[in-house]
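> Sequence plus the predicted model coming up.
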Amino acid sequence: MGDPLHTVMVERLGCRWPIIQTAMGWVAEPSLVIGSSNAGAFGFLGAAVMTPDEARTKLLEVRRGTDRPFGVNFHSFQPGADKIVDLIVENKDQVRAVSFGRGPDAKMIGRFRDAGILCVPTVGAVKHAQKMVQLGVDMVNVQGGEGGGHTGSVPTTVLLPQVLDAVKVPVIASGGMADGRGLAAALAYGAVGIAMGTRFLLTKESPVPDAAKAEYLKASTDGIVVTTKLDGIPQRMVRSKAMDRIEKSGPFGMWLRAFESGSQMKKQTGASWLDMLKSARGMTSHGAMPLKQAIMAANMPMMIQKAVVHGDVEHGVMATGVVGGRIDDIPTCQVLVDRIVAEAHERLAALAALGSAAPVHAA
């Protein structure tokens, strides 16, 4: 019998194990993509918060660090998106997949398909999965409400089977995944693999500063909350002093944070205010998002950057999945992936043994 972990996801993405390292902004940097890919998982570079020049430099850095296939995440409404798409296609010999939330239309998806690059969007609702399949994507990553950052209200255990029943493409499970038990459970549902963000954030190869990692490790499940005060959309975060201040603020405070973050992003990316407004309007057109929310959502990465790049946990925010409340170590990517694979094999073997045991007949 073949290895139950050798799924269609492994075959199509070219990784060794059915485990994806998700494209967290400011976190899915070359060091993490290299570490996860070399460990046998499939890493995504988080280019959605990069300029085209930054994306080119970091993509080449990944290529120098691993000969394994990897993916790139982007938003079709971000400044310079067309150049990033060109860059992805130029590197089609090693960039095996792209990921996105709201994003490409059928024409752009067709361009990726013509280049042999798989489209693997992340969705949080059945209707979004169906829409992506209609546009021609190859697989969908289903993120249940347990996931970090922007999240829905439907748990993975409910949303995953709903999507599996609704679409005919391979489905990947995320939201609440951190170990081999989760991988075995996802496969039992019918998924072809799992995707993890928070668990890979807390690895040695993750570029997140030690001060921020320490705050993540201290967070209990009770200390992880969902808020709408950051940009008007539910987001799951670690409760912190900054989060407490934000929770107490009113509408004016939300706009002020949006303006401050927008000024920082403008300085960092070189984008004009017009470019940023177009980016925000692009978000409204892909999700019926009010402009006020879109402007704040477009600038949200700057608030996350304070914590996960600069280590300023006093003034930054830290996105996390609920599963962060039970993570208590920071292994290397290799140790993590090996552990997940061993646990998954153990659980699947135990289930198979139960199924093959001789039935007990009453006397």
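Looks like it arrived, so ask away.
> For stretch 178-185, output the C-alpha coordinates as CSV.
C-alpha atoms of stretch 178-185 as CSV (Å, rounded to 0.1, in the frame of the first residue of the first chain):
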residue,chain,number,x,y,z
ALA,A,178,-0.7,22.6,14.1
ASP,A,179,0.2,18.9,14.4
GLY,A,180,-0.1,15.4,12.9
ARG,A,181,-3.5,14.8,14.5
GLY,A,182,-4.9,17.8,12.5
LEU,A,183,-3.3,16.5,9.3
ALA,A,184,-4.8,13.0,9.9
ALA,A,185,-8.2,14.5,10.6
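> contacting residues around residue 207?
26-27, 29, 31-32, 308-309 (Cβ atoms under 8 Å, 6 or more residues apart in numbering). Bear in mind the C-beta positions are built from the backbone N, C-alpha and C, glycine included.
> pLDDT score for residue 79?
Note for residue 79: predicted pLDDT of 84.
> That one and residue 44: what is the separation?
20 Å (Cβ to Cβ, to the nearest Å).
> Compare neighbour counts for the two and give me the winner.
Taking neighbours as other Cβ atoms under 10 Å, residue 79 and residue 44 compare with residue 44 leading, 30 against 23.
> which residues sit in contact with the residue nearest to the more buried one when sequence neighbours are not counted?
Nearest non-adjacent residue to residue 44, counting by Cβ to Cβ, 6 or more residues apart in numbering: residue 23, 3.8 Å away. By Cβ under 8 Å, 6+ apart, the contact set of residue 23 is 44-48, 71-73, 99.
> circling back to that earlier point, which of the contacts of residue 207 lies closest to residue 354?
Closest approach to residue 354 among the contacts of residue 207 (Cβ to Cβ): residue 32, at 37.1 Å.
> and that closest one, how many neighbours does it have?
For residue 32, using other Cβ under 10 Å, the count is 27.
> Next up, the contacts around it.
21, 43, 200, 203, 205-207, 333 are the contacts of residue 32 under Cβ under 8 Å, 6+ apart.
> Out of those residues, who's the most crowded?
Among those, residue 21 has the most neighbours (other Cβ under 10 Å), with 33 neighbours.
> hey, what's that residue bridged with?
When bridges are called by DSSP bridges, residue 21 pairs up with residue 43, residue 196.
> Tell me which two of the contacts of residue 23 sit farthest apart.
The two members of those with the most space between them (Cβ to Cβ) are 48 and 71, at 12.1 Å.
> Looking at those two, which is more packed in?
Higher neighbour count among residue 48 and residue 71: residue 71, with 27 against 24, using other Cβ under 10 Å.
> quick one: stretch 150-162 to chain centroid distance?
Centre-to-centre, stretch 150-162 and its host chain are 15 Å apart (Cα atoms, centre = their mean, to the nearest Å).
> Equivalent analysis for stretch 307-314, please.
That offset, for stretch 307-314, works out to 20 Å (Cα atoms, centre = their mean).
> can you list contacts of that stretch?
Residues outside stretch 307-314 that contact it (Cβ under 8 Å, 6+ apart): 26-27, 201, 207-212, 215, 240-242, 306, 315-318.
> So for it, first residue to last residue, what's the gap.
8 Å (Cα to Cα, to the nearest Å).
> Mind listing what's buried along it?
For stretch 307-314, a neighbour-count test (16 or more other Cβ atoms under 10 Å) marks 307-309, 311, 313 as buried.
> And the furthest pair within those?
Pairwise distances across the buried residues of stretch 307-314 (Cβ to Cβ) peak at 11.6 Å, for the pair 309 and 313.
> follow-up on the earlier one: give the buried subset of the contacts of stretch 307-314 as a ChimeraX selection command.
Buried subset of the contacts of stretch 307-314, written as a ChimeraX selection, criterion 16+ other Cβ under 10 Å:
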select :26,27,201,208,209,212,215,240,242,306,316,317,318
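> Now for the chain, the helix or strand with the poorest mean pLDDT.
helix 273-287 (a mean of 53; mean pLDDT, DSSP states H and E).
> Take the contacts of residue 32 and keep only those in helices.
Judged by DSSP state H, the subset of the contacts of residue 32 located in helices is 200, 333.
> what's the domain layout of the protein?
Annotated domains of the chain cover 8-207+331-353, 210-308 [automatic domain parsing].
> Can you get me the start-to-end distance on the longest one?
In other words, domain 8-207+331-353. End-to-end distance (Cα to Cα), domain 8-207+331-353: 24 Å.
> Flag the shaky bits of this structure, pLDDT-wise.
For the chain, applying pLDDT under 70 flags the ranges 1, 102-103, 249-301, 357-363.
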